[in-house]
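> Requesting a structural model of the entry that follows:
(chains A and B)
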Amino acid sequence: MSTENVDAVGPVRNDPTPGEQKTGVRARLSHAWRPFRRASRVSRVLIFSGLGIVVLFLLMAFVGPLLYEYGGTQYRVEVAPGEFEPIKALQPPSGEHPLGTTRDQFDVLARIIDGASLAFAVMALAVSIAMIAGVTLGLLSGYRGGPIDRALVTMMDAVYAFPALVLAIITAFALSAIMSPGVVPAAAAVGVVYIPQYFRVVRNHTLSVKQEPFVEAARSMGAKERTVLGRYVFFNVVQTVPVILTLNAADSILVLASLGFLGYGVPPPTAEWGYDISRAITDVPAGIWWTALWPGLAIVILVTALTLVGEGLNDVINPLLRSRGKTGPKIEPAPREDTPAEDHTAGAATGAAGSAPQAARPSVAVRGLRVGYRTPDGPLWAVDDVSFDIHPGESLGLVGESGCGKSSLGRALMRLMPPGGVVRGRVEVAGEDMVGLSESRLRRKRGEDLGLVFQEPMTRLNPLLKISDHFIEMIRTHQPDVSKAEALERARVALSQMGIPPTRVESYPHEFSGGMRQRAMIALSIALEPKVIVADEPTTSLDVIVESQILDLFGRLRSEQQIGLLLVTHNLGLVAETCDRVAVMYAGKIVEIGPVEEIFNDPKHPYTRGLLASTISLETTELHSIEGYPPNLTDPPPGCRFAPRCPYVMDHCTDAVPRLTETNPGQHTACYLYPGAGAPVPEGVRAPEGNPQETGV
Amino acid sequence: MKPGSLGRYIVVRLLLAIPMVLILLTLVFLLLRAIPGDPVTATLGGRATPAQIEAAREAMGLNDPLIVQYLEYMGGALTGDFGTPVTDPRGVVEIVAETAPATIELALAGMLVAVTVGILVGGLAGRLRDTPFDIGGRLFGIIIFAAPVFWTGLLAQLFFAVKLGWLPSSGRAGGFDQPEWITGFYVLDSLLTWDMAALESTLEHLILPAVTLGLLVGGIFIRLVRVNMMQTLRSDYVEAARARGLRERNVLYRYGFKTALIPIVTIMGLQFALLLGNAVLTERTFNWPGLAQALVDFIGQRDYAAVQGIVTFIALVIVGVSLLIDIITGLVDPRVRY
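Here you go, the predicted structure:
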């Protein structure tokens, strides 16, 4: 149930936002209202429709008896002073008795009205009892620790494991030995069930707060430990208790009705919904429906309403679990621009590029690729009109700041998009366009022609499958005629090539170290000898030795098997070490592409220069960085996207997007500082030259 | 046994269950014995003479110090002696043997309905997120959980038994179609004796209570399966599996569904307590002669010894179920084995 999730919230500290310094009640109100404003419309509707129903029931409970002519335990009507006429039993609904009458000659509607006030009374009492007991014990347990804590925790676990209703029945039974039945023992029996929940929340918060540095600090400044603890525990618990409280209130109505149904609740003839339903058991075989239907309906509606309030509150207070609304507008599926391969950008990219063999057909040819997402702030193109080639055995580094679209680009090559993501343009892999491909054909190409190596090796393998199963499954999915034994043998070979003993093939992923898992992932990605491997930060989470092993591995695969490599990374050193060419991405566009030596020694684009200068070089100890932040892609700046941050910005930079143009042999730059980008370079403008790590930007 | 092996895991889990048993039994003892009030007066009522009361106290061992009573109770519970009721000539063990099969049969059938509904609807809702099917499934989960099980049971009786006359409204089997008592599980007994009339009657009688109970618990399962399925389908290894070009069916089943099932199995185990609690109500509604009915009857007769014995048995069942769940989890998930 959702109360389970509540514990996970952990301590929450609200830092006041500067500039919003109101005081007094209004500030408090607006502060309390803030999470509601941020919550989705669905949760607001849930909370308020639920609250509305609860208020209606409250009105019914308190005003109803004054307005309605019958009482809940009234079985006769005074027709004249001192003269009574009994109410007829088991009358179907009519004008006189809108919901009918019971076998005990009571009016059903009057019973429901009276039952509502009883339900609210028991609910309030039961939840208070549970909260007071649970909070007290939780504070005691968390604060004192030691054997008291252990005893209370085991005790509460036992109570929690026990069937709630059986626990309530037994408590009612035990209480009946010391007090006569009535509202208080019934509420106590119901309340016992919920004590462990409050206990757990309060104890966990007290424990975690006790270890927080700020408690230590407050203590050392002479504040009373109890005051400090009390205040912080209170503020943290206040975040979770409303949800538990509401859901318990809902549940308490069910438990009370169940007790009443079994005859262990509030004694008759007090109007109680569960008891009334139990009286209806004998009516049902006679086809009498109204005595059972109405009280049950009252329970369902009130409990549903309270549950909605609780769930809605949970959404508001605990935004991590908030349901994802379809907030973003849809990206219109723009007609695919059939960018021909001879296009200017493509021509630029393919050009005499470093060591790549000129004549060979590229393994991957990307033309005018765009990758879009729906976000709560509107649609955005994370990758916008990008073109490049990767030749057999060649390695292309893709660098840029986080959020520039490089990971999206890597995934888009495989058309591996999250729901709501779209890919446009052309991605030719081994002569076939991935974008227009059917699902089944696409599935074949994934793994066979393109291998993907992820950043996080720890979580990429199925924890329930052995390493061998991963290989067998993949090989046999793509090559059904390979036998299991043969696939297993290939798995052994693949692993030993990666330096993993073939005997480990029967291990489970959790028995491997991080480095071994990453090597196993790579072995898996190349098991079918793809044309190109896309490696997204493949070494970020690994140590230096494993990193160099993996880089060696990529080098071997390229030279021995002519596998192409797209290395997505923010680590320029890695690119310099491993790659033939490098593409620099900024805000969804490639701003510069070319051979590694050219770009590292003579970067042309101001952004590339800034990026290179940001890395600490051995010669200068100074750390340069680029001023400002990357633009918001839901509303990209016009023209060159780097213009707002560019130290060389000119008036016409914001007019149109600059084209990639050759600036050094094989090196292409999209910047108006260089002729050919689409606008003439104004007189007197001198483009920067040389290595920025030596000269500065 | 070698670390990580299943056998070792099961042995360790069995050992860990022992303290759980002790704690639950202690809780039962505390609840029923250590509270103020006198079980004998409560049981015999006001009519008993002081001599009768004294004799009964002596017979029940209530004059011994609390610690002696505790040790005797624990010793009895652990050696299978659950005590003797005051109001019933049978021993608690006998009563349990006669009524528990009915409850277990109902609980298993209810669990079957719950798991089927939960996995089918929840799994689909997780895949078809935010579609009308998903929203309908979630709404059903909330509303069915808000409805008292005895009320849905009565409505089902009213409609399917009284109005349509399709199914019987109460009891375990028709008067002449009761199977010969072998195990007490009517479905099993009628199969063992190959008594088709009894089987038909038994199943007919089982449908309404099992569906009533199962839909309630199924409502929770729907929510649970849906959330877990959604989380798993977003997980890294599912993306990696797609990147390897595995079939979508395979991705959904082996990577999505199977891994999502582990937390589900664990929580389903926790919901067993809920199922038992609601079985009490279902049995009363459908006049089902089970253990829960017996417990409620003994409470009505204020028979402390019988209540204590049956509750002790229920506590043992809970530990047994949680042990079973842990073993199943160990079978499915290699990571949890010690």
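> quick one: low-confidence parts of chain B?
Low-confidence segments of chain B, defined by pLDDT under 70: B:1-4, B:34-48, B:59-60, B:175, B:336-338.
> rerun at 50
By pLDDT under 50, chain B has no low-scoring segment.
> Chain neighbours aside, what residue packs nearest to the residue positioned nearest the centre of it?
Residue closest to the average C-alpha location in chain B (Cα atoms, centre = their mean): B:Leu276, at 3.7 Å. Once flanking residues are discounted, B:Leu276 sits nearest to A:Pro163: 4.4 Å by Cβ to Cβ, 6 or more residues apart in numbering or on different chains. Quick note: C-beta positions are derived from backbone N, CA and C, even for glycine.
> now A:Ile599
Of all residues not flanking A:Ile599 in the chain, A:Val582 sits nearest, at 5.4 Å (Cβ to Cβ, 6+ apart).
> How about the secondary structure of residue 205?
I'll assume chain A. The three-state label given to A:His205 by DSSP: H, G, I helix; E, B strand; the rest coil is helix.
> that answer is for a different chain, and I need it for chain B
Classification of B:His205 by three-state DSSP places it in helix.
> any idea where the helices of chain B begin and end?
Counting by DSSP state H, chain B has helices at residues B:6-33, B:39-44, B:50-60, B:66-78, B:92-127, B:132-146, B:149-156, B:186-192, B:196-233, B:236-243, B:248-250, B:258-285, B:291-300, B:304-332.
> Of these, flag the one that's most buried.
Highest mean neighbour count of the helices of chain B: helix B:149-156, a mean of 25 (counted as mean count of other Cβ atoms under 10 Å in any protein chain shown).
> on contacts alone, who are the packing partners of that one?
Contact partners of helix B:149-156 among helices and strands, from 3 or more Cβ pairs under 8 Å, 6 or more residues apart in numbering or on different chains; DSSP states H and E: helix A:273-280, helix A:290-317, helix B:196-233, helix B:258-285.
> Dump those helices to TSV, plus distance to A:Ile599.
Output for the helices and strands packed on helix B:149-156, formatted as TSV (distance: least, Cβ to Cβ, whole Å):
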stretch	distance to A:Ile599
helix A:273-280	77
helix A:290-317	49
helix B:196-233	40
helix B:258-285	43
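> can you tell which of the ones you listed is closest to A:Pro93?
Of all the helices and strands packed on helix B:149-156, helix A:290-317 sits nearest to A:Pro93, with 5.7 Å by Cβ to Cβ.
> Next, the angle from that closest one to helix B:132-146.
120 degrees (axes from the mean of the first three to the mean of the last three Cα atoms, to 10 degrees).
> mind checking how far helix A:290-317 is from the chain centre?
Its chain's average C-alpha position is 28 Å from that of helix A:290-317, according to Cα atoms, centre = their mean, to the nearest Å.
> And it, what's buried?
Across helix A:290-317, burial judged by 16 or more other Cβ atoms under 10 Å in any protein chain shown covers A:290-317.
> Just checking it against chain B, any contact.
Yes: using Cβ under 8 Å from any Cβ of the partner chain, helix A:290-317 comes into contact with chain B via A:292-293, A:295-296, A:299-301, A:303-304, A:307-308, A:311.
> for that helix, packing partners?
helix A:2-6, helix A:24-38, helix A:41-67, helix A:108-144, helix A:225-262, helix A:273-280, helix B:132-146, helix B:149-156.
> go again using 6 Å as the cut-off
Contacting helix A:290-317 under the criterion 3 or more Cβ pairs under 6 Å, 6 or more residues apart in numbering or on different chains; DSSP states H and E are the following elements: helix A:41-67, helix A:108-144, helix A:225-262, helix A:273-280, helix B:132-146.
> Looking at those, which one is packed in the most?
Per-stretch averages of neighbours, counted by mean count of other Cβ under 10 Å, single out helix A:273-280 among those, with a mean of 26.
> Can I get it as PDB, trimmed to CA atoms?
Extracted as PDB, the C-alpha positions of helix A:273-280 are listed here (Å, rounded to 0.1, in the frame of the first residue of the first chain):
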ATOM      1  CA  TRP A 273     -23.000   0.200   9.200                       C
ATOM      2  CA  GLY A 274     -21.200  -3.200   9.600                       C
ATOM      3  CA  TYR A 275     -23.700  -4.500  12.200                       C
ATOM      4  CA  ASP A 276     -26.600  -3.500   9.900                       C
ATOM      5  CA  ILE A 277     -25.100  -5.400   7.100                       C
ATOM      6  CA  SER A 278     -24.800  -8.500   9.300                       C
ATOM      7  CA  ARG A 279     -28.500  -8.200  10.100                       C
ATOM      8  CA  ALA A 280     -29.100  -8.200   6.400                       C
END
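> what does that helix rub up against?
A:111, A:115, A:257-258, A:260-261, A:291-292, A:295-296, A:298-299, B:151 (Cβ atoms under 6 Å, 6 or more residues apart in numbering or on different chains).
> do the same with stretch B:179-189
Stretch B:179-189 is contacted by residues B:101, B:105, B:172-173, B:190, B:192-193, B:195, B:198, B:202 when judged by Cβ under 6 Å, 6+ apart.
> so what's whichever residue of chain A sits closest to chain B scoring on pLDDT?
In chain A, the residue that lies nearest chain B is A:Ala177 (2.8 Å; Cβ to the nearest Cβ). On the pLDDT scale, A:Ala177 is placed at 73.
> Is A:Tyr75 in contact with A:Arg103, as I believe?
No: the pair A:Tyr75 / A:Arg103 is not scored as a contact, 10.9 Å apart, by Cβ atoms under 6 Å.
> quick one: which of those two has more around it?
Shown here are A:Tyr75 and A:Arg103; by other Cβ atoms under 10 Å in any protein chain shown, A:Tyr75 has more neighbours (17 against 14).
> What separation do you get for the more buried one and A:Pro93?
Counting by Cβ to Cβ, to the nearest Å, the separation of A:Tyr75 from A:Pro93 is 18 Å.
> what does the helix or strand harbouring A:Pro147 rub up against?
Here A:Pro147, judged by DSSP states H and E, is contained in helix A:146-161. For helix A:146-161, the external contacting residues (Cβ under 6 Å, 6+ apart) are A:137, A:141, A:196, A:199, B:23-24, B:27, B:318.
> at 8 Å what do you get?
Helix A:146-161 is contacted by residues A:137, A:140-142, A:167, A:192, A:195-197, A:199-200, A:203, B:20, B:23-24, B:26-27, B:270, B:273, B:318, B:322 when judged by Cβ atoms under 8 Å, 6 or more residues apart in numbering or on different chains.
> The helix or strand that comes right after it to helix A:225-262, inter-axis angle?
Note on helix A:146-161: by DSSP H and E, the next helix or strand toward the C-terminus is helix A:164-176. On the basis of the same axes, to 10 degrees, helix A:164-176 is oriented at 90 degrees to helix A:225-262.
> just checking, what packs against helix A:164-176?
Here helix A:164-176 touches helix A:183-192, helix A:225-262, helix B:6-33, helix B:258-285, helix B:291-300, helix B:304-332, going by 3+ Cβ pairs under 8 Å, 6+ apart.
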